[in-house]
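Undergrad: Sequence first, predicted model second:
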Amino acid sequence: MSSTPANVATHTAGTVCDLVGNTPLVEIQRLREGVADGVKIYAKLEGFNPGGSVKDRAAWNMLKHGLDEGSLAPGKTILDSTSGNTGIALAMVGAALGFPVTLVMPANVSIERKRVVTAYGATPVYSDPLEGSDGALLMCREMYEAEPDKWFKPDQYFNEANPEAHFLTTGPEIWEQTDGAITHFVASIGTGGTVMGTGRYLKSQNKAVQVIAIEPDDAFHGIEGLKHMESSIVPGIFKEQELDSKIGVATDDAYDMVYDVAASEGMLVGQSSGAALCGALEVARQLDEGLLVVIFPDFGDRYLSTNLWMGWKNRKQTRKQ
């Protein structure tokens, strides 16, 4: 297995978009209780993308398709719904390409996310926080239908350029970084683009690779950015029949894992990463040998003002008792 990940500092980029991808893998070495010695777990740190998350890949690919097809052209404004990370990615790429961006987000997304998208010059429109990402999706759809000539709508939940981004980049990177030794791929579900596209590429290289999706275990969860599929509008790009399994993770368990990853592995990540590692460990504990790669979609600095960290020491102590 390659010991040194790709280093984006070794080349000159034309724009920030050229820095998307080539994120490193890091081994999970301490959070391994109940995992056999023959099982290795690696996290792919998507926070190293220039916009800070895995969503940079999909945003850049969707906008490239729009430019190539002519549907994204001068005079258009980029419009989409988002729980945060895709919005940041679209705002970043839109700024780099010179297009205005309007984003529909639930009003309760973290203050850090709100500030970042506005720093890139994007215009936020806030939907009912109680309706979550589905409410933002529906409001965005209404805005588009009212003025279709004004907008270019990437439509991340139904645009095949979303999973294609991961088929073209995330999957090949993981295959190369593990020298083809990967046995299990684990990713949490937002739009489903990451798990679908990456899983398709890995299975094209080795049909035996297991693809596992992680979702919240309850409709009323607190894992920002993730979908509980049974109670949500299912994205058109998500094909559950292509998965080998799907695992539900409780919000408290995801939060606790975030705290443990920071304290034990030295990585401050978001709650979707905590959920993903919970699921990866559940899989790993059933194996005698294998190599698992789990996606950490972003870093945790954009959640420091949220419930994830409010009173976390007391909450963790209470759950241990």
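TA: Received it, and whenever you're ready, just let me know what you need.

Undergrad: switch to C-alpha atoms for all contacts and neighbour counts from now on
TA: OK.

Undergrad: Sketch out the low-pLDDT regions of this structure for me.
TA: Across the chain, residues meeting the criterion (pLDDT under 70) sit at 1-11, 227, 311-321.

Undergrad: domain parsing for it?
TA: The record, using automatic domain parsing to delimit domains, assigns the chain the ranges 8-49+166-320, 55-152.

Undergrad: Run through the helices of the stretch 201-321 of the chain in chain order.
TA: Under the criterion DSSP state H, counting those that start in this stretch, the stretch 201-321 of the chain contains helices at 251-260, 271-284, 312-320.

Undergrad: Out of those helices, which one sits most buried?
TA: Of all the helices of the stretch 201-321 of the chain, helix 271-284 has the most neighbours on average by mean count of other CA atoms under 10 Å, namely a mean of 25.

Undergrad: counting contacts, what elements does it pack onto?
TA: For helix 271-284, the packing partners by 3 or more CA pairs under 8 Å, 6 or more residues apart in numbering; DSSP states H and E come out as strand 38-45, strand 184-188, strand 210-216, strand 245-249, helix 251-260, strand 289-296.

Undergrad: Kindly recompute the last result at 6 Å.
TA: The criterion is 3 or more CA pairs under 6 Å, 6 or more residues apart in numbering; DSSP states H and E, and the helices and strands that helix 271-284 contacts are helix 251-260.

Undergrad: what's the spacing between the helix it packs on and its chain's center?
TA: Relative to the chain's own centre, helix 251-260 is displaced by 17 Å; criterion: CA atoms, centre = their mean, to the nearest Å.

Undergrad: Also stretch 182-196?
TA: The gap between the average C-alpha position of stretch 182-196 and the chain average comes to 9 Å, counting by CA atoms, centre = their mean.

Undergrad: can you check stretch 26-40 too?
TA: 23 Å.

Undergrad: What lies in contact with that stretch?
TA: Contacts with stretch 26-40, where a contact means CA atoms under 6 Å, 6 or more residues apart in numbering, come from 41-43, 285, 288-291.

Undergrad: same deal with stretch 73-84?
TA: Outside of stretch 73-84, the residues within contact range by CA under 6 Å, 6+ apart are 100-105, 113, 133, 136-137, 140, 150-153, 225.

Undergrad: May I ask which of those has the most neighbours?
TA: Met105 (29 neighbours; other CA atoms under 10 Å).

Undergrad: Quick check: that residue vs Gly121, distance?
TA: When distances are taken as CA to CA, to the nearest Å, Met105 and Gly121 turn out to be 15 Å apart.

Undergrad: Likewise for Tyr201?
TA: 35 Å.

Undergrad: Likewise for Gly98?
TA: 10 Å.

Undergrad: more crowded one of the two?
TA: When Gly98 and Gly121 are compared on other CA under 10 Å, the one with more neighbours turns out to be Gly121, at 17 against 10.

Undergrad: Verify the assumption that the more buried one is located in a strand.
TA: No. Using DSSP: H, G, I helix; E, B strand; the rest coil, the secondary structure at Gly121 is coil, not a strand.

Undergrad: pretty sure Ala187 contacts Val211?
TA: No. When contacts are counted by CA atoms under 6 Å, Ala187 is not listed as touching Val211 (8.3 Å).

Undergrad: And for the spatially closest residue to Tyr157 that is not a sequence neighbour, the neighbour number?
TA: Of all residues beyond its chain neighbours, the one nearest Tyr157 is Pro235 (4.8 Å), with distances taken as CA to CA, 6 or more residues apart in numbering. A total of 18 residues lie near Pro235 under the criterion other CA under 10 Å.

Undergrad: For Gln271, which residues are in contact?
TA: Gln271 is in contact with 223, 254-255, counting by CA under 6 Å, 6+ apart.

Undergrad: wait, what's in contact with the closest residue to Gly47 other than its chain neighbours?
TA: Of all residues beyond its chain neighbours, the one nearest Gly47 is Asp298 (4.1 Å), with distances taken as CA to CA, 6+ apart. Contacts of Asp298 were listed using CA under 6 Å, 6+ apart, and they are 46-47, 53, 270.

Undergrad: Tell me the one among those residues nearest to Asp217.
TA: Gly270 (17.4 Å; CA to CA).
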